[in-house]
Each structure stands twice: as C-alpha cells, then as structure tokens.
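J.: show me the folded form of this:
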Amino acid sequence: MTDNRHSIDSGLREKVIEHLFVGDILRCLWRQGVRDMEVLRAEVDRTGYDLVMEADGVMRHIQLKASFHGAKTARVGLHTDLSRKPSGCAIWIWFDPLSMRLGPYLWFGGEPGQPLPSLGDRVGRHTRGDSTGRKAERQNIRIIARGQFVSLTTMDDVVRALFGYAVGNSE
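T.: Numbering: from 1, shown residues only. Here you go, the predicted model:
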C-alpha cells in the first residue's frame with residue numbers, strides 16, 4: 001500500500017468490511033429464497049465474536065478477521081470463548097485495499113450445527129510490551145495459523161459453509 005489510511009482509520013475500515021460482508025451474505029441468502037434470517041451485532045467485543053447470524057434455524061457466532069491483499073499476516077488470534085458458542089466460526093476476509101472488494105475468504109469452523117474445531121494450545125500475547133518490554137500472555141487467545149483455515153473463493157462458498165445452502169452463481 002502506498003499510504004497509511006488503512007492503519008490510521010482501521011476502526012472505520014473494519015466496520016466498512018463488516019457491512020459489506022453482511023450485505024453480501026444477505027444478498028446470497030435472498031437469492032436462495034431464504035427469508036428467515038437475522039443479524040445481531042455484539043455490543044461488546046469480549047467473548048470472541050463480532051456477529052451472530054441465523055438463517056432457517058442455523059445460528060452462527062462469527063469472528064471476523066481482515067487482511068488486505070499483499071499483507072504478510074500468517075496467523076490470527078481467536079478467543080477461547082468462541083468455542084463455547086453454538087456453531088462458532090471465524091472468517092478471515094481478504095480485501096483489495098483500493099477498491100475494498102472482498103475475497104477470497106478463509107474459513108475456520110465446522111459444519112452447520114457442529115462446534116468450532118480445536119483452537120489448540122498456542123497462547124497469544126499482547127502486541128505491546130510492558131515497561132520492561134515483556135509481552136504478557138493473553139490466556140483467552142489462541143493463535144491459529146493461516147494454513148489451518150480452509151480457502152473459500154466466493155461469498156456463495158461462505159454462505160454454504162455457514163448455513164449449508166447451495167447458492168447459485170456468484171458475482
């Protein structure tokens with residue numbers, strides 16, 4: 001990237017990506033004929049999920065992660081409480097930093113109705129050190145490598161992973 005807009009405005013960028021993502025999922029469900037759908041947002045980001053989405057009785061607690069194309073990010077941290085949620089999952093969204101076009105997506109989750117796969121035992125650390133430079137462990141965070149995620153090309157693939165719907169042609 002040639003500028004630092006994405007780091008300066010990372011909170012805004014995160015919300016834009018979330019809104020685009022939710023809109024694309026709702027569009028896919030609509031095209032499939034699904035009208036029984038809900039989207040709930042966490043007021044407080046404390047237990048590992050950003051959204052709760054439900055379609056035809058399949059509920060997903062979803063943690064969103066985002067990286068721009070070209071980022072060197074090789075791993076993300078997931079909160080251990082996400083594994084206690086029904087059908088918890090994480091979706092790592094890759095996006096174009098100029099157009100904000102979403103995709104591809106990386107998926108970490110089970111089949112609809114199944115729990116989150118094991119998060120393993122690699123404990124996360126704070127990104128900033130204390131006064132001595134020591135980065136304390138974050139006992140509720142587990143590090144998940146990019147290779148543990150399954151690659152999904154289209155939003156239709158994401159909807160299929162989330163809810164089991166076979167959606168028609170994607171854009």
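
J.: helices of this protein, residue ranges please.
T.: 5-8, 10-31, 155-163 (DSSP state H).

J.: mind checking which of those is nearest Asn140?
T.: Proximity to Asn140 (Cβ to Cβ) singles out helix 10-31 among the helices of the chain, at 20.2 Å. (Each C-beta comes from the backbone N, C-alpha and C, glycine too.)

J.: same for the closest one, what does it pack against?
T.: Helices and strands touching helix 10-31, by 3 or more Cβ pairs under 8 Å, 6 or more residues apart in numbering; DSSP states H and E, are strand 37-41, strand 51-55, strand 58-68, strand 89-95, strand 102-109, helix 155-163.

J.: report the buried residues of the last one.
T.: This means helix 155-163. Met155, Asp156, Asp157, Val158, Val159, Arg160, Ala161, Leu162, Phe163 (16 or more other Cβ atoms under 10 Å).

J.: neighbouring contacts of that helix?
T.: Residues outside helix 155-163 that contact it (Cβ atoms under 8 Å, 6 or more residues apart in numbering): 24-25, 27-29, 32, 34, 53, 55-56, 58, 60, 62, 89, 91, 102-103, 105, 107, 109, 112, 150, 152, 165-171.

J.: the residues you listed, buried ones only, as a PyMOL selection?
T.: Only the buried members of the contacts of helix 155-163 enter the following PyMOL selection, criterion being 16+ other Cβ under 10 Å:
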select buried, resi 24+25+28+29+32+34+53+55+58+60+62+89+91+102+103+105+107+109+112+152+165+167+170
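
J.: tell me the pLDDT of the most centrally placed residue in the chain.
T.: Centroid check for the chain by Cα atoms, centre = their mean gives Leu64 as the closest residue, at 2.3 Å. Looking at Leu64, its pLDDT is 96.
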